[in-house]
Structures are given as C-alpha cells and as structure tokens.
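Engineer: Need a 3D model of the following:
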Amino acid sequence: QVQLVESGGGLVQAGGSLRLSCAASGLAYSRYKMGWFRQAPGKEREFVAVISESGFTTKYADSVKGRSTISRENAKETIYLQMNSLNVEDTGVYYCAGGEGDPSLVGADSFEDWGQGTQVTVSS
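Structural biologist: Next up, the predicted model:
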C-alpha cells in the first residue's frame, strides 16, 4: 500500500498554469504506475494522465494532451502534473492514484491507492 498526499491546487485565471504534486510513501511505490484523475462538480471522476513506474511511458486524456505533463521523481517519491493554458473546464478536485500493472490501463479500478485530492479552480 502507498499513502498519497496531493498539493499545489488553488485558484488560477484562465490561461494560467499550475503544477500539482503528489508525495508518496510506502514500499509499493517503486512498482506503481501513477496517475492523475479529476472530478468536476456533478460529474464522474475522469482520467487525466498516467506515468509508468519507470517514468518512460506516459498517457494523457485528449482534453489535456499537449498542454499537460506528468512526471515522477522516484528518488523523492513524488509525482507532478504540470498544467498549462488552463480553462474553466479544468476546474475540479484532482486526485493522485497509484497501482500495479499496465500503464495503458487507465480506468480508476486499475489503481489501488488514492490521495484525498486537491482543488483546482480556474476562473474566466
């Protein structure tokens, strides 16, 4: 099991940028793919990005592709999500998640451990 704590959320104007961080702790971290999900008010949780345990493989939702970058710093057991050109549709609670297995599997049920989330609000 891995404990996950997100940070870096906040209020930002449309067109701005944010970098979210997720601090992980636990023996399983090195075996985990890591992902970011988000949930907007009244909507279901959706996949944003995933990175393999090695960091060599990444995958993004179409809605953030080209303006977001997921990365991991394994020595620090920390995962990042850099988001640029933010728009109001990016508003939501962002969750960090970790799990074993194929990083091409991005459904929420393929991640075992979840953080509490960090709020991102984009104003127009």
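
Engineer: tell me which element the residue most central in space within the chain falls in.
Structural biologist: What sits nearest the mean C-alpha location of the chain, by Cα atoms, centre = their mean, is residue 36, with 2.1 Å. Assigned by DSSP states H and E, residue 36 belongs to strand 33-39.

Engineer: what's the answer for residue 122, then?
Structural biologist: Per DSSP H and E: residue 122 is located in strand 118-123.

Engineer: returning to that earlier point: relative to strand 118-123, how tilted is the strand holding residue 36?
Structural biologist: Angle of strand 33-39 versus strand 118-123, following axes from the mean of the first three to the mean of the last three Cα atoms, to 10 degrees, is 50 degrees.

Engineer: Partner strands of strand 33-39, with direction?
Structural biologist: Taking DSSP bridges as the criterion, strand 33-39 forms sheet pairs with strand 46-51 (antiparallel), strand 92-99 (antiparallel).

Engineer: Assess the claim that residue 37 and residue 97 are in contact.
Structural biologist: Yes: using Cβ atoms under 8 Å, residue 37 is in contact with residue 97, at 6.0 Å. From N, CA and C alone the C-beta is placed, and that goes for glycine too.
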